[in-house]
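>>> Sequence first, predicted model second:
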Amino acid sequence: MASRRDDVERNRDFWNRQSAEYQTAHRGHIDRGDTRWGLWQIPETELGVLGDVAGLDVLELGCGAGQFGQTLADRGARVVGIDVSAEQLAHANVTFETLEASADDLPFEDGRFDLVVCDWGATTFADPHAVVPEVARVLRAGGVFAFSGGTAIEWCCWSDAAQRPERELRNPYFGMHRHEDAENVTFMLGQGDWIRLFRAHGLEILDLIEPRPTADATSTYRDDYDREWAREWPMEQIWKVRKR
């Protein structure tokens, strides 16, 4: 069985190989100048996840080229971004510091940040059992961790052959954690497992948002089939938790 470090290196290699193609395909979709979330880039002004970030010390996990973090810096936050891929960071044209690091081994002192954020990124490609305690460690008391990603429902309906969620259950819910394909490793937990993991590390749940794309939403990540699927079942979730 692969170790956690093996998974990190595998995903690092994947993102180093895919970085240029990824930025070409998606930069225009995610670089709009305002804070947006997820596959369909739903505006923060609609979702209300973060509130006022001016003056906060913010860490972005899996920042890529820093598009999300730059919107927070533009709103007055003091941002630091990390990504496991040097090639992703090489595409960053941002006003804040970026570091090559993995979200499961953060190079920061305890209590360094007021806010930790991730829009899909590292919370999808690093083991949450290692990421969540690291985030809790670097958050100050009262600090918030807000992150988006896929859902357990999508995982249960996912077809590797079709590379999309189907309209029936295909995979077991219980025991979900790590999924390995030919290129990378991704992670997901069931809802109860997320809750217990947060509580075990002193994090209280403030909100669970399940964004729903509009009927005419477009995305460079997903097609019309996925949009229609996501209008019937939650394809994305945003957890917001606070350190006690």
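Here it is on my side, so go on. Since we're looking at a predicted model, the values are computed, not measured. Residues are numbered from 1 along each chain as shown.

>>> quick one: the strands in the chain?
Per DSSP state E, the chain carries strands over the ranges 36-37, 42-43, 57-61, 78-83, 97-100, 113-119, 139-149, 158-159, 164-165, 178-180, 185-187, 203-209, 237-243.

>>> Now that we have the ones you listed, can you turn them into a markdown table and tack on distance to Asn11?
Any C-beta I mention is one placed from the backbone N, CA and C, and that applies to glycine too. Converted to a markdown table, the strands of the chain look like this (distance: least, CB to CB, whole Å):
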| stretch | distance to Asn11 |
| --- | --- |
| strand 36-37 | 22 |
| strand 42-43 | 26 |
| strand 57-61 | 13 |
| strand 78-83 | 11 |
| strand 97-100 | 13 |
| strand 113-119 | 14 |
| strand 139-149 | 14 |
| strand 158-159 | 18 |
| strand 164-165 | 21 |
| strand 178-180 | 10 |
| strand 185-187 | 6 |
| strand 203-209 | 24 |
| strand 237-243 | 21 |
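
>>> Spit out the contact partners of Met235.
39, 150-151, 153-154, 165, 222, 226, 229 (CB atoms under 8 Å, 6 or more residues apart in numbering).

>>> Ok, Asn184 next?
10-11, 14, 125.

>>> Let me see the confidence value for it.
Per-residue pLDDT puts Asn184 at 97.

>>> Look up how far Arg137 lies from it.
According to CB to CB, to the nearest Å, Asn184 and Arg137 sit 26 Å apart.

>>> Same question for Ala122.
Taken as CB to CB, the span from Ala122 to Arg137 is 15 Å.

>>> For these two, indicate the residue with more neighbours.
Counted by other CB atoms under 10 Å, Ala122 and Arg137 do not tie: Ala122 has more neighbours, with 26 against 16.
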